[in-house]
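# Just a sequence and a predicted model for now, questions to come.
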Amino acid sequence: MATKNLILGSAAALLLTGGAQAADLPVKAKAVEYVRICSLYGAGFFYIPGTDTCIKLGGYLRADTTFNGGAHGAPAWNGDLGQQNRFRDYFLSRSRMALTVDTRTATEYGVVRTFGHGNFQFQNFGNTNPAGSVGTQTAGLGSALLSTAGGGYVAVEYLFIQFAGFTFGKSSSAYSTPWNGFPGNISANLLGGNNTDTGLNNIQYTAQFGNGVSASIGLDDPTVWTRTAVYNLSIPAAIGVNGTGSNAYAGMHAPDIVGNIRVDQAWGVLQFSAAAHEVSGSYNTLAAGAAPNNLSEINGHPDSKWGGSVMAALQIRNLPTGKGDDIKLDVSYARGHTKNVIATSGGSPSFSTFGNSGFAYQSVGFGATTDGVYFPGAAGTGGIQLTTAWGVRGAFSHNWNPNWSSSLFGSYSSVRYDGGANDNINGLGATTAKGAYCAAFAASHPGQAAVGNQAGNYSCNPDFNVSQLGLITRWVPVKNLTFSAEAQWFHLDQKMSGSSVFTATAPKPTALYEFKDQNTVLLQLRAQRNF
C-alpha cells in the first residue's frame with residue numbers, strides 16, 4: 001500500500017510539473033499580413049500596408065528599331081532623312097523602360113485616384129556631324145546625351161489626380177479618343193487626327209449618365225501639344241527649301257476649350273469632340289537689321305483670332321471576322337487648329353522631301369504646316385489668315401489565333417491655304433493666305449533665276465495632301481511578350497508645279513529643282529515585355 005501511494009504521488013507530481021512547464025512555453029504568434037490583395041479595382045492592386053489605399057505597379061520594357069525613319073516610326077519626310085543626305089542615320093534604335101504607379105482610395109465622394117507614368121529612354125538620335133546636318137534630327141530633349149555612352153533621359157507621360165469626376169494634371173485631352181493616334185499601329189506618327197497620347201497639362205470634368213454615356217469638358221494648355229506655327233511671311237527662308245516665313249506665334253493667352261460626348265458600350269464606341277483654339281501672332285515686321293527674336297513693338301501686331309476643330313470617332317467591336325477583331329475610325333476638320341489633323345507624339349511636322357528628277361538636279365516636294373499666316377503692310381493679308389485642314393484615319397485589326405494578330409491602317413490629310421485659284425506668284429497684293437504665301441515664296445524662289453544655263457519656271461500653290469498606308473503583324477509567344485513588325489508607306493501630294501533654281505538648305509546645292517510628289521517607306525521592329 002505504501003508503495004502504491006508513493007507511485008501515485010510521484011505520477012501526480014510529474015503531471016503538475018509538466019503542466020507548469022507547458023504553461024511556460026511561448027504561444028506561436030499569428031502571422032502578420034503585410035500585403036493584402038485589393039480586388040476592388042481589378043487585377044494587380046494591393047493595399048498599402050496600414051492604409052485603405054490600393055496601389056498597382058506596372059510598366060513595360062521595349063526595344064525598337066526603325067529603318068529609313070525617325071524615332072517611334074516617323075517617316076523620312078523632312079530633315080536629313082527627307083534629303084537622304086550623308087548625315088542621315090539609315091536606322092535608329094531606342095530602348096525604353098516605362099514605370100506606372102496607380103493608387104485608388106474609396107471615399108464618400110467616390111474614388112480618389114492618382115496616376116503617374118515615366119519613361120527611362122536611350123536612343124541613337126541624331127548623326128555623326130550635327131553641325132553639318134539639316135538639324136531636325138538633333139533637336140529635342142536631352143539630344144546632347146542620347147548618342148553618348150551612359151546617356152539617355154527620363155520623360156514624363158501622365159501625372160494626374162482624379163476626384164469626383166475632375167482630372168487635374170498631365171493627361172490625355174478631353175478632345176481625344178480612347179485610342180488617340182493608335183487605331184492599330186505602333187508608329188506615333190499616323191496623321192489625320194488628334195493625338196495627345198503622352199499627355200498635356202489640363203483640367204477636365206467628366207459626367208457619367210449611365211449605360212456607357214458620358215460627356216467631358218476641359219481646358220488644355222496649348223503650348224506643347226496643340227499649336228503648330230503662325231508664319232510672318234515678311235521674314236523669308238526660315239525653313240529652308242520652303243522659304244516662306246518664320247514662326248511668329250505669340251505667347252499663350254488662353255487655354256484651348258475642349259469637350260466630347262461619348263457612348264461606350266459592348267458593341268463599341270461613338271464619340272463627338274470639339275475644340276476652340278486661339279491663334280495669335282507676335283509682331284508685324286522686323287526692326288531694321290534685327291534678328292527675328294528682336295521684332296520691334298512699335299510696328300504693332302496682328303489681331304488674335306479664334307480657330308477650332310471638330311472630330312467624329314467610331315469603334316466597332318465583336319466583328320464576325322474573329323474574336324477581338326475591331327475597326328477604329330476618326331474624321332477631323334480644323335480651321336486654325338491644324339495640330340488636330342497633322343498630329344504626332346512630338347511636334348507637328350512640315351514636309352521637305354527630295355527625290356529623283358528626269359531633267360533637274362533633283363525633285364522636291366514640300367508642305368508647310370501652320371495654324372495661320374500673315375503678311376504685314378498695306379499690301380499684306382490684313383491680319384492672320386487661318387489655315388484649313390481635314391483628315392481621316394483608321395485601322396482594321398484581326399486576331400489570327402491567340403498568338404498572332406495583324407492590323408491594316410492608313411490615313412489621309414489635307415492642308416489648304418484658302419484663296420482663289422489665281423493666287424499665284426504674282427499675287428503680292430492678294431489678301432488671302434495663298435496669295436501672300438506665294439508672294440513670299442517668289443521672293444526667295446524667282447521663277448526665271450538662272451545658274452549657268454539652268455533656268456526654271458513654276459506655278460505656286462502651297463496646298464498639300466499626305467497619305468499613309470501600313471501593315472503590322474504581332475507575335476505573342478507567351479503572355480505579355482510581343483514581337484511586332486510594321487511597314488508603312490508615306491506619300492506627299494504637293495501642289496507646286498514646274499521647276500525653280502534656288503538655294504536649298506545645305507548640304508543641298510544651289511541648283512534647278514523640279515517640284516514633284518514624293519514617296520518613302522519605312523520598317524519598324526519592336527520587342528516589348530509588359531509587367
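Everything's here; your move. Residues are numbered from 1 along each chain as shown.

# Just checking, which helix or strand succeeds the helix or strand hosting Ser405 along the chain?
Element membership of Ser405 [criterion: DSSP states H and E] is strand 404-416. Per DSSP H and E, strand 404-416 leads on to helix 433-444 as the next helix or strand towards the C-terminus.

# Name the residues of that following helix that come out as buried.
Using 16 or more other C-beta atoms under 10 Å as the burial criterion, the residues of helix 433-444 that qualify are Ala433, Lys434, Gly435, Ala436, Tyr437, Cys438, Ala439, Ala440, Phe441, Ala442, Ala443. (C-beta placed from N, C-alpha, C; glycine too.)

# correct me, but the first one touches Asp418?
Just to be clear, that refers to Ala433. Yes: with contact defined as C-beta atoms under 8 Å, Ala433 and Asp418 form a contacting pair (6.1 Å).

# Which neighbours do the two have in common?
Contact criterion C-beta atoms under 8 Å, 6 or more residues apart in numbering; residues shared by Ala433 and Asp418: Gln385, Leu386, Thr387.

# got a list of what the first one touches?
Shown in contact with Gln385 (C-beta under 8 Å, 6+ apart): Gly372, Val373, Tyr374, Tyr417, Asp418, Thr432, Ala433, Ala436.

# hang on, the third one packs against Tyr231?
Spelled out, it's Tyr374. Yes: Tyr374 lies in contact with Tyr231 (C-beta under 8 Å); the separation is 7.5 Å.

# which neighbours do the two share?
Once C-beta under 8 Å, 6+ apart is applied, the residues that Tyr374 and Tyr231 both contact turn out to be Ala248.

# Looking at the two, which one has more neighbours?
Tyr231 (32 against 26; other C-beta atoms under 10 Å).

# Am I right that that one falls within a helix?
No: secondary structure of Tyr231 (DSSP: H, G, I helix; E, B strand; the rest coil): strand, not part of a helix.

# who touches it in this structure?
Per C-beta under 8 Å, 6+ apart, neighbours of Tyr231: Thr244, Gly245, Ser246, Asn247, Ala248, Ala368, Thr370, Gly372, Val373, Tyr374, Tyr437.

# any chance of those residues in JSON lines, plus pLDDT?
JSON lines is the format used below for the contacts of Tyr231 (pLDDT from 0 to 100):
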{"residue": "Thr244", "pLDDT": "70"}
{"residue": "Gly245", "pLDDT": "74"}
{"residue": "Ser246", "pLDDT": "80"}
{"residue": "Asn247", "pLDDT": "85"}
{"residue": "Ala248", "pLDDT": "87"}
{"residue": "Ala368", "pLDDT": "91"}
{"residue": "Thr370", "pLDDT": "94"}
{"residue": "Gly372", "pLDDT": "94"}
{"residue": "Val373", "pLDDT": "92"}
{"residue": "Tyr374", "pLDDT": "90"}
{"residue": "Tyr437", "pLDDT": "85"}
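
# Now, those residues that are in helices?
Tyr437 (DSSP state H).

# so can I have CSV of the contacts of Tyr231 showing distance to Thr223?
Converted to CSV, these look like this (distance: C-beta to C-beta, whole Å):
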residue, distance to Thr223
Thr244, 23
Gly245, 20
Ser246, 18
Asn247, 13
Ala248, 15
Ala368, 20
Thr370, 16
Gly372, 17
Val373, 20
Tyr374, 20
Tyr437, 25
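
# Show me which of the contacts of Tyr231 is closest to Asn284.
Among the contacts of Tyr231, Tyr374 lies closest to Asn284 (C-beta to C-beta), at 7.9 Å.

# Buried ones in the lengthiest strand in the chain, by neighbour count?
Longest strand in the chain, counting residues (DSSP state E): strand 91-107. Within strand 91-107, the residues that count as buried by 16+ other C-beta under 10 Å are Leu92, Arg94, Arg96, Met97, Ala98, Leu99, Thr100, Asp102, Thr103, Arg104, Thr105.

# OK, contacts around the closest residue to Gln265 other than its chain neighbours?
Among residues not flanking Gln265 along the chain, Gly212 sits closest, at 4.3 Å (C-beta to C-beta, 6 or more residues apart in numbering). Residues counted as contacts of Gly212 (C-beta under 8 Å, 6+ apart) are Val263, Asp264, Gln265.

# tell me which of these is nearest to Leu314?
Nearest to Leu314 among the contacts of Gly212, with distances taken as C-beta to C-beta, is Val263, at 10.0 Å.

# Now distance to Ser413 too, for the buried residues of helix 433-444, in a markdown table please.
Conversion of these to a markdown table gives the following (distance: C-beta to C-beta, whole Å):
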| residue | distance to Ser413 |
| --- | --- |
| Ala433 | 18 |
| Lys434 | 18 |
| Gly435 | 23 |
| Ala436 | 23 |
| Tyr437 | 18 |
| Cys438 | 21 |
| Ala439 | 26 |
| Ala440 | 23 |
| Phe441 | 21 |
| Ala442 | 26 |
| Ala443 | 28 |
